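Novice: The following comprises the amino acid sequence and a computationally predicted model.
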Amino acid sequence: MAPRIRALRTADARAFADHLAAHVAESGQGGSPHFAVANVVDREEVRDAALSRWSRSLLDPLWGRAFGFFDDGPPPRLVGHLELRGGRVEAELHRAVLSMGLQRSHTGRGFGRALLETAIAWARDEARLTTLELGVFSDNARARRLYESVGFTPIGMRHDAFRLACGVSVDDLLMELALRPG
Ligand SMILES: CC(C)(COP(=O)(O)OP(=O)(O)OC[C@H]1O[C@@H](n2cnc3c(N)ncnc32)[C@H](O)[C@@H]1OP(=O)(O)O)[C@@H](O)C(=O)NCCC(=O)NCCS
């Protein structure tokens, strides 16, 4: 059986865009908290931007690397992702910004934790980054609890960070994880 979690390749960019479109459509719907800034994405834009990030060297600003979580299939379908985006400028290349999401059919079963542990190990041991950072909507209790449980700590709150199309204003909690001492 294919591994359920693996690094995504350029050949996966279309599946990534399809997954992201299905995923953000669930934000704030059917009992889920708000977790995305919009419920709709342009799949072509998502695919092209992902290809651009994933094809950059880790030594170049704006690199991206993603891990995917696949269901059992057949054929296995991408239903979860975690992406790390490297620094915006050379002086920021020791850090990356983390974002992740599972389609609701696969939440609450430990797959988010597994994705997170895979990406943290890669960032620490292979990319040799020093720090991961992220923003999580303050009402997203499940995500906050997961991030805290692997060592992320709150570093600040952006009040009224996003005004969603549905009229809701969202506070964004900024969190950081140090991957190595010093
Ligand atoms: C947030 C998310 C990645 C977590 O992944 P997951 O696979 O559902 O979570 P896990 O099953 O690994 O559980 C994570 C923790 O949350 C806890 N948890 C589960 N449901 C919860 C709830 N409703 N409220 C608070 N904590 C909850 C679990 O108990 C678990 O902690 P534990 O291992 O200490 O018991 C996933 O739910 C998701 O993608 N949600 C929608 C998108 C999203 O919120 N993305 C993050 C944006 S910053």
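Specialist: Noted; the coordinates are in hand. Residues are numbered from 1 along each chain as shown.

Novice: quick one, what contacts the spatially closest residue to residue 60 that is not a sequence neighbour?
Specialist: Nearest in space to residue 60, with sequence neighbours left out and distances taken as Cβ to Cβ, 6 or more residues apart in numbering, is residue 86 at 7.8 Å. In short, each C-beta sits where N, CA and C put it, glycine included. By Cβ atoms under 8 Å, 6 or more residues apart in numbering, the residues touching residue 86 are 56, 58, 60, 61, 62, 63, 64, 92, 93, 95, 96.

Novice: three-state assignment of the residue nearest to the last one when sequence neighbours are not counted?
Specialist: Distance criterion Cβ to Cβ, 6+ apart; nearest residue to residue 96, sequence neighbours excluded, is residue 84 at 4.2 Å. Per DSSP: H, G, I helix; E, B strand; the rest coil, the local secondary structure of residue 84 is strand.

Novice: Mind checking which of the contacts of residue 86 land in strands?
Specialist: 64, 95, 96 (DSSP state E).

Novice: one step back: looks like the residue nearest to residue 96 contacts residue 95 (just checking).
Specialist: No. Using Cβ atoms under 8 Å, residue 84 is not in contact with residue 95, being 9.7 Å away.

Novice: show me the contacts for the residue nearest to residue 96.
Specialist: 64, 65, 66, 96, 97, 98, 119, 123, 127, 132.

Novice: Show me which of the residues you listed is closest to residue 21.
Specialist: Distances from residue 21 to the contacts of residue 84, taken as Cβ to Cβ, are shortest for residue 66 (15.3 Å).

Novice: who does the strand or helix carrying the closest one pair up with?
Specialist: Here residue 66, judged by DSSP states H and E, is contained in strand 64-70. Applying DSSP bridges to the sheet, strand 64-70 is found paired with strand 5-7 (antiparallel), strand 78-86 (antiparallel).

Novice: and the biggest helix by length in the chain, what other elements does it pack with?
Specialist: What stands out as the longest helix in the chain, according to DSSP state H, is helix 111-125. Under the contact criterion of 3 or more Cβ pairs under 8 Å, 6 or more residues apart in numbering; DSSP states H and E, helix 111-125 touches strand 5-7, strand 64-70, strand 78-86, strand 95-102, helix 141-149.

Novice: Can you give the distance of the very next helix or strand once past the last one from its chain's centre?
Specialist: Where DSSP H and E defines the elements, the next helix or strand beyond helix 141-149 is strand 153-163. Averaging C-alpha coordinates over strand 153-163 and over its chain gives two centres that are 17 Å apart (Cα atoms, centre = their mean, to the nearest Å).
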